[in-house]
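Participant: predicted coordinates and the sequence they were generated for:
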Amino acid sequence: MKTISISDINLASQLLKEEYIVAFPTETVFGLGIIYDSERAFEHLAEVKRRRPDKPFTLMCADISDIDNYAVINERAKRLIAHFLPGELTIVLNIKPGLPQWVDFGTGHIGIRVPDDEIVRKMIRLVGKPLLVPSANRADQRPLTTSDEVISEFGEEIGGVVLGRSKGATPSTVIAAYDKITMLREGKISLADITKVLGGD
């Protein structure tokens, strides 16, 4: 299939529902999205990303209220979600049982983000289920920020590319929120920002 240049999120959501990979801009960088519960789409995404097979992808939800369907939200996480999401924070939490194996690779953990981009969130709502969304780049390469860069890099390996430019150039901050907060990747939201919200907890 030839990669489709997309200017309509209705088309983007339809391609996602048909298990294609769709690239789209967010408030951080461009992402590569698939519906979370398609093993075929997952295998294709892992191949395109050239990502090692034991590193899960972030689950992107349309709304904060969706998180509880997929992860166990502890008190620390609840405070951080209320303050930072929707936004540039991915929170790693314990996964709820019953989700496909490839979502967490049996680790029991899942990284969840709700983007602060209403167009992306509307697209996910149109799909009707969350997406697995890593940044749009090959493994260990810099994240891409424009549709032109994505088309140049991935050619016809993906189903569609939403035209445009991401609002930022830095991937989201990633933290694990358990008995203590662990910084896994620092973006615009710093560990100091997180500690301040938790009151040093």
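Facilitator: Structure's in. What do you need?
Participant: helix, strand, or coil at residue 23?
Facilitator: When classified by DSSP: H, G, I helix; E, B strand; the rest coil, residue 23 comes out as strand.
Participant: hmm, it is touching residue 162, no?
Facilitator: Yes: applying Cβ atoms under 8 Å, one finds residue 23 in contact with residue 162, separated by 6.7 Å. For glycine as for every other residue, the C-beta is placed from the backbone atoms N, C-alpha and C.
Participant: and for those two, which residues touch both?
Facilitator: Overlap of the contact sets of residue 23 and residue 162 (by Cβ atoms under 8 Å, 6 or more residues apart in numbering) consists of residue 147.
Participant: please name the nearest non-neighbouring residue to residue 107.
Facilitator: Counting by Cβ to Cβ, 6 or more residues apart in numbering, residue 56 is the residue found nearest to residue 107 once chain neighbours are left out, at 6.9 Å.
Participant: need the pLDDT of the one you found.
Facilitator: If you check residue 56, the pLDDT there is 90.
Participant: what about it, neighbour count?
Facilitator: 20 (other Cβ atoms under 10 Å).
Participant: backbone dihedrals for residue 121, please?
Facilitator: phi -60, psi -40 (degrees, to the nearest 10).
Participant: neighbours of it, how many?
Facilitator: Residue 121 has 18 nearby residues by other Cβ under 10 Å.
Participant: with residue 76 instead?
Facilitator: Count around residue 76 with other Cβ under 10 Å applied: 20.
Participant: any idea how far residue 85 is from residue 59?
Facilitator: 13 Å (Cβ to Cβ, to the nearest Å).
Participant: hey, what's in contact with both of those two?
Facilitator: By Cβ under 8 Å, 6+ apart, the residues touching both residue 85 and residue 59 are residue 113.
Participant: what about residue 77, is that helix, strand or coil?
Facilitator: Strictly by three-state DSSP, residue 77 counts as helix.
Participant: what bridges to the nearest residue to it once chain neighbours are set aside?
Facilitator: Nearest residue to residue 77 in three dimensions, chain neighbours excluded: residue 177, at 4.2 Å (Cβ to Cβ, 6+ apart). Counting by DSSP bridges, residue 177 forms beta bridges with residue 181.
Participant: so where's the chain uncertain?
Facilitator: 1, 53, 200-201 (pLDDT under 70).
Participant: those strands in it, which residues are they?
Facilitator: 4-6, 22-25, 30-35, 59-60, 71-72, 89-95, 109-113, 131-132, 160-162, 173-177, 181-185 (DSSP state E).
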